[in-house]
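**Student:** return atomic coordinates for the entry below.
(chains A and B)
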Amino acid sequence: MATSLAPIALLVSCIWAQQPTEFEVEAAFLMNFARFVEWPASAFPDSNSPFTVCILGKDPFGRALDDLLAGQTVGQRNVAVRRLAEGPAHACQMVFFGGPKSATRAVLESLGPGVLTVGDGDTFLREGGMIAFVLDNRRVRFDINQALAEKNELKLSSRLLTVARSVQK
Amino acid sequence: MLARFCRFLPALLLISVLQADPQPNPAGHGPQSLKNLTLEQLSAIEVTSPSKEPTPAMRSPVAIFVITGDDIRRSGATTIPDALRLAPGVEVARIDGSKWSIGIRGFGTRLSRDVLVLIDGRTVYTPLFAGTYWEVQDTLLEDIDRIEVIRGPGGTIWGPNAVDGVINIITKNTKDTQGIFASAGGGNVEQGFANVRYGGDNGDGLTYRAYFKGFTRGPEHHSDGDNFDDWRGVQAGFRMDWTDQAHDEFTVSGDAYKQEDGEGVSLSTYVPPLTESLDGNAQLSGANALFRWKRTISDGNDIQIEAYYDRTNRHEPNLAEDRDTVDVDYVQRTKLSSRQELMYGAEGRLSDGRFSEVASGLVFFPIHRLDHLVSGFVEDDITLVNDKLLLTAGSKILDTNYTSVGFEPSVRLLWTPTNNQSLWASYTHALRTPSDSEEDFYLSSFLGVGGGLNEFARFSANKYFAPEQLNGYELGYRMLIAKNLYVDIASYYNHYHDLFSEDVVGPLLLETTLPFLVPVQPPLHILLPAQFRNDIHGYTKGVEVAPEWRPTNFWRLRGSYSFLHMNLEQSPAPGAIGLGTAGTTGSSPQHEGDVDSSFDIGKRLQLDLVYRYVSALPAVHAPAYSTGDARIAWRFTPLLEFSVAGQNLFQPFHIEYGADPGLPVAVARSVYATLAWRSK
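**Tutor:** Residues are numbered from 1 along each chain as shown, chains lettered A, B, ... in the order given. This is a model prediction of the structure:
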């Protein structure tokens, strides 16, 4: 009995396939940011170290981010995902600030150059972040502070800037 | 993982029946499909669950409802008035093939006199009748980003005559309408239509689009077989946006249209034939051009200047008008401190109308009138308690050629006790300025023959028509009850005075000379003198409830219920007899409700079902009705979609608003199919 129900569950899941949630789309964007931003060589400890995405504070992605990044490479480096409760101890090239309180001016300023900071909501850029996700008409869009990113030795591709909802220079 | 399994599903099912081996349980939600999307495609996907951040409406001390472009597309609506049915508190009643009565919180009429309507910031309100000709307000529906419907006086930043509401139709930035879009289709009432748009960019911050659309719509249902209300038109337009990505954004846009609307009108004239009902085609055409510049000085500090020109030509069986309007407006936002933001602006408008008499029973005199309007506003947003209590106070100042300086103050308070609920309250004083149709207008009707002479009733121009006044009090509450359940409740009490009224102003008299120019003066006749005055006062009160529920990721349920109670009284001047208020109170429904259900079935199928109910409108011969709409769409490939939409499905026809002469025109059951293709 149990074995014959499983395909029906599969059938139901196939018919009622879902629209993505906002965090699944954000995870897909993170993967794209890794491709459309150039990091300086000094951002990596050595030529074999992986491209590291760090999630600071509450992780809203769950498996979605790991599934998307599994087997991906960025500039011939493997991709690693780390979840940190507080303060990145090891080298991260991209830090996502999850949870309401993790993004403070102090934390953002303590990160050195060569780190792309991404967060949620209107206030993230004001606090000193580089890319902020916003929900616009049920679509996930993002605002970029290009000046800050370039000050931190990150080069943003013009394609990324065109798709952004707004760019601060 | 899920997608891969789905493709092999039939085989898997067969295998699982033949073997007893359990199949792996598909986990996760299919993010694999997102992996292959481009940046542009990711930016266009609609996501399901609202985030933990309250929706923008939560921080708004206004009764606002947003109809998104996707809502419009999925509803099967082919016109902007039909799209407005999705909003609570808005009464939309179809009069005939090309005419609707639309109102917000009461006072719905063919001309929607107490609602301010804008398309991309351009007012489409005509000073001739102080209202909106809905049949010529159109654009490519595919490129509408959203329609913001604000019930109530809307607040200080909106232009004049936003008394009972504001409808703001906003088209997408050309950045979001790149590539080719083409659609065509037809059906029984929606007989044929075609739309095409091309969008491109120059690779350096300039994006643009151009579109063309054409349609032909058949008559609605006529029990007397007099199918006068067929309707056809073409429209083309363009828009260009340029941004230097730093401080400046420029937009230039324009549209032009030409339509032929079948109308049935009743005409009276002082010379034979004295009265006739005739069917004829209204020739309507127009064009507009708009320029907008926005400069962002810093966060919270920006300036916007907008200028537009609008040309409208109307040649109807009973009146003809040509009008040019020019408008310039300026808005500035300044952040005074982290807690205070000031917004202020000014607007100037000149509107030049030339009227041509078709029948002596409907005359504007003088025939040429230049109307001007100057208005300013200031609004202060003060955060009293960070993230929790926001006070908005301001006023509009208005000066027109019909009125002396008028003030429209407004104060609003928004309280957000927790992240998922908000409570707001407001008081606003608003004015509806007089129009040509009160101050220059002569509307006559042949009554019969009495004592060997022709007898007419005539509403004659009232040079002293005063602005209508509203004191509106509102209270609203919004709550995100669970991650997927949201409710928006708005209640109001609107007290009106100096409302438009119809009065008989004296006894029957003998008249030899008409008060306006005619080629030949008519013979001696009897006149029942009447006038449009400001004798009505009273109140409306009501509540609108709009819940939204997403039980699963692929199913969204939305509803709205609106209750309206109107209590109006006429107090005519001594010697005058009022014609009463039943005509007004009986033209707005006391109850309105709808439920709309949207399903996404797989990646390729969409199903939308709508149920609508409107209670009776006794003054316009419309009984209460309930009906439904449905739309099903198949996306064969991500770029090609075939859909079938049905409207007014429950009955073969039903009456919504009987305003044409003769028997009321009924809205017919309509079904049409569309094929839509896009290149991106």
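
**Student:** for residue 136, which non-adjacent residue is spatially closest?
**Tutor:** Because you didn't say which chain, this covers chain A. The shortest distance from A:Asp136 to any residue other than its chain neighbours is 6.4 Å, reached at A:Arg165 (CB to CB, 6 or more residues apart in numbering or on different chains). No exception for glycine: its C-beta is placed from N, CA and C like everyone else's.

**Student:** look at chain B instead
**Tutor:** B:Leu284 is the one closest to B:Val136 (CB to CB, 6+ apart), at 5.4 Å.

**Student:** assumed the one you found was part of a helix.
**Tutor:** No - B:Leu284 sits outside any helix when classified using DSSP: H, G, I helix; E, B strand; the rest coil, being strand.

**Student:** where do the strands sit along chain A?
**Tutor:** For chain A, applying DSSP state E gives strands covering A:37-38, A:51-57, A:73-74, A:77-84, A:94-98, A:116-120, A:131-136, A:139-145, A:155-156, A:166-168.

**Student:** can you list the strands that the third one pairs with?
**Tutor:** I take that to be strand A:73-74. Using DSSP bridges, the strands paired with strand A:73-74 are strand A:77-84 (antiparallel).

**Student:** now the partner strand: buried residues?
**Tutor:** Going by neighbour count (16 or more other CB atoms under 10 Å in any protein chain shown), the buried part of strand A:77-84 is A:Arg77, A:Val79, A:Val81, A:Leu84.

**Student:** farthest pair within these?
**Tutor:** Across these, no pair lies farther apart than A:Arg77 and A:Leu84, at 19.6 Å, counting by CB to CB.

**Student:** OK, contacts around the residue nearest the centre of chain A?
**Tutor:** Chain A has A:Leu30 as the residue nearest its centroid, 3.3 Å off, counting by CA atoms, centre = their mean. Neighbour list for A:Leu30: A:Val53, A:Leu65, A:Leu68, A:Met94, A:Phe96, A:Val118 [criterion: CB atoms under 8 Å, 6 or more residues apart in numbering or on different chains].

**Student:** equivalent analysis for A:Gly98, please.
**Tutor:** By CB under 8 Å, 6+ apart, the neighbours of A:Gly98 are A:Ile55, A:Leu56, A:Gly57, A:Lys58, A:Asp59, A:Pro60, A:Phe61, A:Asp120.

**Student:** next one: phi and psi at B:Ala88?
**Tutor:** Ala isn't right for residue B:88; it's Pro. Note on B:Pro88: its backbone torsions stand at phi -70, psi 150 [degrees, to the nearest 10].

**Student:** quick one: residues contacting it.
**Tutor:** Counting by CB under 8 Å, 6+ apart, B:Pro88 has contacts B:Phe65, B:Arg151, B:Ala490, B:Glu544, B:Val545, B:Ala546, B:Ser560, B:Tyr561, B:Ser562, B:Glu592.

**Student:** surely the fifth one touches B:Ile489?
**Tutor:** Yes - under the contact definition of CB atoms under 8 Å, B:Val545 touches B:Ile489, with a separation of 5.1 Å.

**Student:** quick check, A:Val74 in contact with A:Phe51.
**Tutor:** Yes - if you go by CB under 8 Å, A:Val74 and A:Phe51 touch, sitting 4.2 Å apart.

**Student:** spit out the residues that contact these two alike.
**Tutor:** A:Ala34.

**Student:** re earlier: local confidence estimate at the residue nearest to the centre of chain A?
**Tutor:** With respect to pLDDT, A:Leu30 has a value of 91.

**Student:** gap between it and chain B?
**Tutor:** Remark: distance between A:Leu30 and chain B (CB to the nearest CB, to the nearest Å) = 11 Å.

**Student:** tell me the least confident of the contacts of A:Leu30?
**Tutor:** Ranking the contacts of A:Leu30 by pLDDT puts A:Leu68 at the bottom, with 82.

**Student:** just the helices in chain A please.
**Tutor:** Secondary structure of chain A, counting by DSSP state H: helices at A:2-15, A:22-36, A:63-69, A:105-110, A:123-127, A:146-151, A:158-163.

**Student:** do the stretch 401-550 of chain B as well
**Tutor:** Taking DSSP state H, counting those that start in this stretch to define them, one finds helices in the stretch 401-550 of chain B at B:436-439.

**Student:** of all of it, which residue lies closest to chain A?
**Tutor:** The nearest approach of the stretch 401-550 of chain B to chain A comes at B:Asn419, 9.1 Å away (CB to the nearest CB).

**Student:** that residue: neighbouring residues, count only.
**Tutor:** Residues lying near B:Asn419 (other CB atoms under 10 Å in any protein chain shown) number 13.

**Student:** may I have the phi/psi pair for it?
**Tutor:** Torsion angles, degrees, to the nearest 10, at B:Asn419: phi -60, psi -20.

**Student:** confidence score at it?
**Tutor:** So, for B:Asn419, pLDDT stands at 79.

**Student:** how near is it to B:Gly353?
**Tutor:** 51 Å (CB to CB, to the nearest Å).

**Student:** same deal with B:Asp380?
**Tutor:** 37 Å.

**Student:** also B:His565?
**Tutor:** Taking CB to CB, one finds B:His565 at 37 Å from B:Gly353.

**Student:** which of those two has more neighbours?
**Tutor:** B:Gly353 (21 against 14).

**Student:** list the buried residues for stretch A:138-153?
**Tutor:** Neighbour counts over stretch A:138-153 (16+ other CB under 10 Å) mark A:138-146, A:148-149, A:152-153 as buried.

**Student:** out of these, who's near chain B?
**Tutor:** A:Arg138, A:Arg139, A:Val140, A:Arg141 (CB under 8 Å from any CB of the partner chain).

**Student:** and of these, the nearest to chain B?
**Tutor:** For these, the nearest to chain B is A:Arg138 (4.7 Å; CB to the nearest CB).

**Student:** residue ranges with poor pLDDT in the stretch 301-450 of chain B?
**Tutor:** For the stretch 301-450 of chain B, applying pLDDT under 70 flags no range at all.

**Student:** in it, which spans are strands?
**Tutor:** For the stretch 301-450 of chain B, the strands defined by DSSP state E, counting those that start in this stretch cover B:301-315, B:320-337, B:340-356, B:362-364, B:368-385, B:389-400, B:406-418, B:421-432, B:441-450.

**Student:** pairing partners for the fifth one, with directions?
**Tutor:** To tie it back to what came earlier, the one meant is strand B:368-385. Going by DSSP bridges, the partners of strand B:368-385 are strand B:340-356 (antiparallel), strand B:389-400 (antiparallel).
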